[in-house]
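Trainee: sequence and predicted structure are below.
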Amino acid sequence: MPANIDTVAYSGQVPWHRLGTRLDNPATAGEAIIAAKLDWEVQKQPLYTGFERNVRITDRFAVCRTDKLDQPDGGQLGIVGSDYEPLQNREAFGFLDPVVGEQAAVYHTMGALRGGRQIWLLAKLPGEIRITGEDIAEKYLLLSNSHDGTSAVRIGLTPIRVVCQNTLNLALRGMSGLTIRHHQDVAVRVREAHQLMGIVNAAFNEVGKSMQAMVNIPMTGDKPFEFFKAVLPLPDPRNEIEVERVRQKHNRLYELFETGVGNDLPGVRGSLWATYNAVTQWVDRESYTARNKEPLKSIWFGDGAAIKHRAFEKASELVGANA
């Protein structure tokens with residue numbers, strides 16, 4: 001596996017990243033967590049300083065994996081403040097168990113990055129988004145949590161285009177007031193899980209409408225290059241080497257606009273949807289998987305995700321302007 005991916009388990013068909021151990025549709029997060037080797041916990045450990053390391057630092061702690069406390073680094077994942085409360089893997093992922101049990105979602109893929117500093121779960125949702133006749137996107141929910149203190153639990157929409165398995169990552173709006181935590185009260189857990197799914201389904205409806213509208217907007221002349229420049233702006237013209245490097249990216253994006261996977265489908269060629277998908281293919285298949293040592297981290301959580309998000313926002317602006 002790539003250096004940044006530690007463990008992966010999946011159900012159903014082989015995921016687009018072609019990594020992991022196959023499961024037989026696990027019924028609960030607990031079963032999937034064991035298969036993905038995420039059945040470990042974290043805890044805050046005190047930090048000490050001084051010449052003899054006997055002075056305790058009172059407002060900072062190390063987050064450590066309890067299964068690796070005997071290792072030279074003590075299983076350390078990150079340094080956090082006194083207010084930080086660890087959320088265990090079972091608690092974060094088990095949040096969706098009530099709706100998984102009702103077949104409103106299926107645990108599809110889960111794994112850990114960078115020694116467990118970041119964990120993630122991809123849940124497949126029923127239904128699909130039909131952009132045009134043969135162009136379909138499946139609906140997924142991406143939940144992630146960090147154990148190094150760099151980010152809280154995040155939930156996002158991740159439509160995956162069937163024809164090429166490229167991904168779109170969008171922050172899930174409407175999440176204010178919804179928290180993910182372990183509840184002993186089963187009724188509370190079920191209510192919050194259904195609340196989340198209501199928000200998710202409404203969001204996917206809006207995303208689907210935007211995608212379908214993109215197909216109806218032609219991108220002729222210099223419009224594709226204008227789009228690519230908005231997504232990947234040219235740097236200071238005095239930096240000629242960097243300018244040329246970005247122009248080469250724009251040229252490659254234009255090639256993908258014309259010849260990218262799925263962009264020759266009826267109704268897709270020459271559209272804003274093809275322009276947007278040129279960016280997703282470049283990010284998911286070329287720019288970050290070819291050179292980056294942490295491709296999945298970039299595609300879902302880092303620079304790659306930011307580029308795709310910027311491309312979708314720009315495309316949505318054009319949809320609004322043409323409404």
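Mentor: Yes, it's here.
Trainee: which parts of the stretch 101-250 of the chain are strands?
Mentor: 106-113, 118-132, 135-146, 154-157, 160-161, 170-171 (DSSP state E, counting those that start in this stretch).
Trainee: packed most tightly, which of those would that be?
Mentor: The highest average neighbour count among the strands of the stretch 101-250 of the chain, using mean count of other CB atoms under 10 Å, belongs to strand 106-113 at a mean of 24. Quick note: C-beta positions are derived from backbone N, CA and C, even for glycine.
Trainee: which of the strands of the stretch 101-250 of the chain sits closest to residue 58?
Mentor: Set against residue 58 and scored by CB to CB, the strands of the stretch 101-250 of the chain come closest in strand 135-146, at 23.4 Å.
Trainee: the closest one pairs with which strands?
Mentor: strand 118-132 (antiparallel), strand 154-157 (antiparallel), strand 160-161 (antiparallel) (DSSP bridges).
Trainee: turn these into CSV, including mean pLDDT and distance to residue 194.
Mentor: Listed next are the strands paired with strand 135-146 as CSV, based on pLDDT from 0 to 100; distance: least, CB to CB, whole Å:
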stretch, mean pLDDT, distance to residue 194
strand 118-132, 89, 13
strand 154-157, 84, 14
strand 160-161, 88, 24
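Trainee: which stretch among those strands comes nearest residue 318?
Mentor: strand 118-132 (15.6 Å).
Trainee: then the closest one to CSV, C-alphas only?
Mentor: Listed next in CSV are the C-alpha coordinates belonging to strand 118-132 (Å, rounded to 0.1, in the frame of the first residue of the first chain):
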residue,chain,number,x,y,z
GLN,A,118,-6.4,10.2,10.5
ILE,A,119,-9.1,7.6,10.1
TRP,A,120,-11.9,7.6,7.6
LEU,A,121,-15.1,5.8,6.6
LEU,A,122,-16.8,5.8,3.3
ALA,A,123,-20.5,4.8,3.4
LYS,A,124,-22.4,4.0,0.3
LEU,A,125,-26.0,5.4,0.1
PRO,A,126,-28.9,4.1,-1.9
GLY,A,127,-29.7,5.6,-5.2
GLU,A,128,-27.7,7.4,-7.7
ILE,A,129,-27.3,10.8,-9.5
ARG,A,130,-28.0,10.5,-13.3
ILE,A,131,-26.3,13.5,-14.8
THR,A,132,-27.2,12.4,-18.4
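Trainee: and the angle for it with strand 106-113?
Mentor: In terms of direction (axes from the mean of the first three to the mean of the last three CA atoms, to 10 degrees), strand 118-132 departs from strand 106-113 by 140 degrees.
Trainee: against residue 126, how distant is residue 287?
Mentor: 32 Å (CB to CB, to the nearest Å).
Trainee: tell me the angle the helix or strand residue 317 falls within makes with strand 135-146.
Mentor: In the assignment (DSSP states H and E), residue 317 maps to helix 303-321. Orientation check (the same axes, to 10 degrees): helix 303-321 against strand 135-146 gives 130 degrees.
Trainee: gap between the longest helix anywhere in the chain and the chain center?
Mentor: For the chain, the longest helix by residue count, based on DSSP state H, is helix 186-215. What separates the centre of helix 186-215 from the centre of its chain is 16 Å, taken as CA atoms, centre = their mean, to the nearest Å.
Trainee: and that helix with strand 135-146, angle?
Mentor: For helix 186-215 against strand 135-146, the angle by the same axes, to 10 degrees is 140 degrees.
Trainee: who does helix 186-215 touch, helix- and strand-wise?
Mentor: Helix 186-215 is packed against helix 97-101, strand 118-132, strand 135-146, strand 154-157, helix 272-281, helix 303-321, with contacts defined by 3 or more CB pairs under 8 Å, 6 or more residues apart in numbering; DSSP states H and E.
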